[in-house]
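[1] Okay, here's the prediction I keep looking at, along with the sequence it came from:
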There are 2 protein chains.
Amino acid sequence: MATGRTHRPATRSRGIPEATVARLPLYLRALTGLSERSVPTVSSEELAAAAGVNSAKLRKDFSYLGSYGTRGVGYDVEYLVYQISRELGLTQDWPVVIVGIGNLGAALANYGGFASRGFRVAALIDADPAMAGKPVAGMPVQHTDDLEKIISENGVSIGVIATPAGAAQQVCDRLVAAGVTSILNFAPTVLSVPEGVDVRKVDLSIELQILAFHEQRKAGEEAAVAEAAAAVVPPVRAAGNGRKGPDGDMPAVMPA
Amino acid sequence: MATGRTHRPATRSRGIPEATVARLPLYLRALTGLSERSVPTVSSEELAAAAGVNSAKLRKDFSYLGSYGTRGVGYDVEYLVYQISRELGLTQDWPVVIVGIGNLGAALANYGGFASRGFRVAALIDADPAMAGKPVAGMPVQHTDDLEKIISENGVSIGVIATPAGAAQQVCDRLVAAGVTSILNFAPTVLSVPEGVDVRKVDLSIELQILAFHEQRKAGEEAAVAEAAAAVVPPVRAAGNGRKGPDGDMPAVMPA
DNA sequence: GACTGTGAAAGGGTTCACAGCT
DNA sequence: AGCTGTGAACCCTTTCACAGTC
């Protein structure tokens, strides 16, 4: 799960595997749904189905947290909600700043799932002076000049970067200098951060490209080949010979 | 990497590991940057740094594609760009529809990274009749009623769901029925799809929760404990006793 | 001398299958 | 009888380290 680098080398915090941590929010969401429907207990099979995983994995995951189930019965929904929330650190509230209030930043600011479960948008920050003071999601946008002040006054330790790629590293550096130690990055760049700072990346075009890969496979090889038509300047191998690529060499077409 | 389910069981298409596929877009982006700066060749060490991975991993990844480097020299940038693009299926163009043109959908429609590398937004679709005809990102929004027609007329095989959670499964079903076989889901729900359809999920609040977990660890255990103050009704264990959770039992506070 | 390509080793993660509790 | 909790087996991924090539 791509992290700029970071994610403390072999830390796996008190023994909960990273893969399990990444699934806890999934379980939590499924459990919250059950809780709202006042379902008192749930089996690993049912909960796994609701979370979209298989039950063996779920049971193994829960076993890292402790023995929170009852054999022959299942799991107590409310109890599990609490335990997972606590494990994830959602029993405290996390002030978050969003930097870069373009389309995406605004979408994030308005995103309900943010505000719910333990996160509170403490400030919206943008570099454009024309944005300053404008209300987005019922909050006035503040100018980047005040970034450091905002971070420290609100005790913010989590920052969301939704700026253009070019500004991301600079924003990141300022966030880190001001005390932020976790960053969620939507800009399509690799951020470099000092040891001890966590970066997670969300990248739309990467996800699409992975889908395209699988989509291409489904269609068989024909589709790709059928596309070799109009001729553009092909990038020819520098000192090329002795190539051993599986699918044949450069055709006469180059993608945009 | 959560996929609703799917991802053909043991397919790993022609032997490229899934983990490698997920990194190819990263390499591609780094290479594109080098290409724009007219850098002719790059070593595994340099490229790895630019992509935010280590060089051994990168070399291993490339070895699955073929022997595209030159010992003692490095990789030809243009050549690699082409090979990776081809491998990912980006030498053909993929028409994409975005369903749900709220804040997020609009952000996606405006996102440049979409339009570049092989993807073309073929249509924006929303269920709100008031949105119909309105231009977003220079395109008129179309009504959900025409979804099937739009999919088939444009030969769309990739759909992006940016609707509220409640509508996502229904939209998904219609997309699939109309012929879409890859879905990028931004709605916070588990989608169920038939065999052969790929789903990838992007979930903002899950990413934040994972960050919160690590953030909590950094702060040590004290911070979490210090939060136990005002008393609300605590969810007491149903038939609870003999608990063996590592951190102690239910305190007197319950998160929202 | 420099750097790739890759076997082999090590490390995680997932799945199996069943012992153990209610 | 039902369902959890978990060792053991399996599989995938990462890392190491070096032989092979330019």
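    Structure's in. What do you need? Here the structure is a predicted model, which means the values were calculated and not measured.
[2] just for the stretch 1-150 of chain A, where's the confidence low?
    A:1-14 (pLDDT under 70).
[3] let's see 80
    Filtered on pLDDT under 80, the stretch 1-150 of chain A yields the residue ranges A:1-14, A:114-117.
[4] What parts of it come near DNA strand D?
    A:43-45, A:55-56, A:59-60, A:62-63, A:67-75 (C-beta under 7 Å from any atom of the strand). Just so you know, the C-beta spots here come from the backbone N, C-alpha and C atoms, and that holds for glycine as well.
[5] residues contacting the closest residue to residue A:139 other than its chain neighbours?
    Spatially, and ignoring its direct neighbours in sequence, residue A:139 is nearest to residue A:124 (5.5 Å; C-beta to C-beta, 6 or more residues apart in numbering or on different chains). Applying C-beta atoms under 8 Å, 6 or more residues apart in numbering or on different chains, we find residue A:124 in contact with A:97-98, A:101, A:105, A:109, A:136-137, A:139-142.
[6] Packing partners of the strand or helix carrying residue A:176?
    Using DSSP states H and E, residue A:176 sits in helix A:165-178. If you count contacts as 3 or more C-beta pairs under 8 Å, 6 or more residues apart in numbering or on different chains; DSSP states H and E, helix A:165-178 packs onto strand A:94-99, helix A:147-154, strand A:158-161, strand A:182-185.
[7] what does the second one rub up against?
    Defining contact as C-beta under 8 Å, 6+ apart, one finds that helix A:147-154 is touched by A:95, A:97, A:99, A:122-123, A:125, A:142, A:156, A:159, A:171, A:174-175, A:177-180.
[8] returning to that earlier point: can you give the contact residues for the helix holding residue A:176?
    By C-beta under 8 Å, 6+ apart, the list of residues contacting helix A:165-178 reads A:97, A:99-100, A:127, A:144, A:147-148, A:151-152, A:159, A:161, A:163, A:183, A:185, A:187-189, A:191-194, A:197, A:199.
[9] Is residue A:213 in contact with residue B:92, as I believe?
    No: the criterion here is C-beta atoms under 8 Å, and residue A:213 misses it with residue B:92 at 11.9 Å.
[10] And the next helix or strand past the top strand by length along chain A?
    If each strand of chain A is counted by residues according to DSSP state E, the longest one is strand A:119-126. Proceeding N to C from strand A:119-126, the next assigned helix or strand is strand A:135-136, under DSSP H and E.
[11] Show me the contact partners of that following strand.
    A:101, A:105-106, A:109-110, A:124, A:141.
[12] tell me how far that strand is from the chain's mean position?
    Centroid separation between strand A:135-136 and its chain, computed with C-alpha atoms, centre = their mean, to the nearest Å, is 24 Å.
[13] Paired strands for it, with orientation please.
    Strand pairing for strand A:135-136, using DSSP bridges, gives strand A:139-143 (antiparallel).
[14] Kindly calculate the angle that the partner strand makes with strand A:119-126.
    50 degrees (axes from the mean of the first three to the mean of the last three C-alpha atoms, to 10 degrees).
[15] Now do the buried residues in strand A:139-143.
    Within strand A:139-143, the residues that count as buried by 16 or more other C-beta atoms under 10 Å in any protein chain shown are A:141-142.
[16] do you know how far the residue nearest the centre of chain A is from residue A:183?
    Central residue of chain A (C-alpha atoms, centre = their mean): residue A:202, 4.6 Å from the mean position. Separation of residue A:202 from residue A:183 (C-beta to C-beta, to the nearest Å): 11 Å.
[17] Could you give the bridge partners of the residue nearest to residue A:139?
    With DSSP bridges as the rule, residue A:124 is bridged to residue A:98, residue A:141.
[18] For PyMOL, write the selection for the buried entries among the contacts of helix A:165-178.
    Burial among these is assessed by 16+ other C-beta under 10 Å; the matching PyMOL selection reads:
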select buried, chain A and resi 97+99+100+127+144+147+151+159+161+163+183+185+187+188+189+191+193+197+199
